[in-house]
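Visitor: no sequence on hand, only this structure:
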């Protein structure tokens, strides 16, 4: 290869490495494309283990002061979907929640994190539990990079009010989607 061609290739590699945009990304070691009995709610007619999945995120935007995580089922036959998990005030220096951090009694989430009530009426994680025979539901798990260190609501705040506060304070968000049916 000619010297000029090597220079072009080298310039492209360096430019891509230095100037390539890194996107805010959410991932999970516990989830593939579908939720399992491990995540399924235990109650409401379901008999799963109700373990929240491990989640990790990277490349938060500059200015991030805290994070929040939600899990939402838009397919629930409620007319307004169903909120399965709402956690916020996760410190900016945290980039992972371990498996079962959604069990607020175990204190596995960061100390300052607040897990407010879900549409099950409980605090912490409430796994998938779609009606039998209702088909596949998709569960959207989202991490929000926030421009505030404290969102404002408390552990008794309903998901809609938390969502309004998230909308007002979000710098960026990243999601993964998993499916589940019974």
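Guide: Okay, I see it. Please read these numbers as outputs of a predicted model, since none were measured by experiment.
Visitor: list the contacts of the residue positioned nearest the centre of the chain.
Guide: The chain has residue 142 as the residue nearest its centroid, 3.3 Å off, counting by Cα atoms, centre = their mean. Shown in contact with residue 142 (Cβ atoms under 8 Å, 6 or more residues apart in numbering): 26, 69, 70, 71, 72, 173, 174, 175. Placement of C-beta: from N, CA and C, glycine included.
Visitor: give me the three-state assignment for it.
Guide: On the three-state scheme (DSSP: H, G, I helix; E, B strand; the rest coil), residue 142 is labelled strand.
Visitor: and the buried ones among the contacts of residue 142, selectable in ChimeraX?
Guide: Here is the ChimeraX command that selects the buried residues among these (16 or more other Cβ atoms under 10 Å):
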select :26,69,70,71,72,173,174
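Visitor: which residue sits closest to residue 126 in space, ignoring its chain neighbours?
Guide: The shortest distance from residue 126 to any residue other than its chain neighbours is 4.1 Å, reached at residue 120 (Cβ to Cβ, 6 or more residues apart in numbering).
Visitor: surely the one you found meets residue 42?
Guide: No - assessed by Cβ atoms under 8 Å, residue 120 is found out of contact with residue 42, at 10.7 Å.
Visitor: ok, now how distant is the residue nearest to residue 126 from residue 50?
Guide: Residue 120 is 10 Å from residue 50, where distance means Cβ to Cβ, to the nearest Å.
Visitor: re the thing from before, and the contacts of residue 142, which is closest to residue 125?
Guide: Each of the contacts of residue 142 was checked against residue 125 using Cβ to Cβ; the closest is residue 71, at 7.5 Å.
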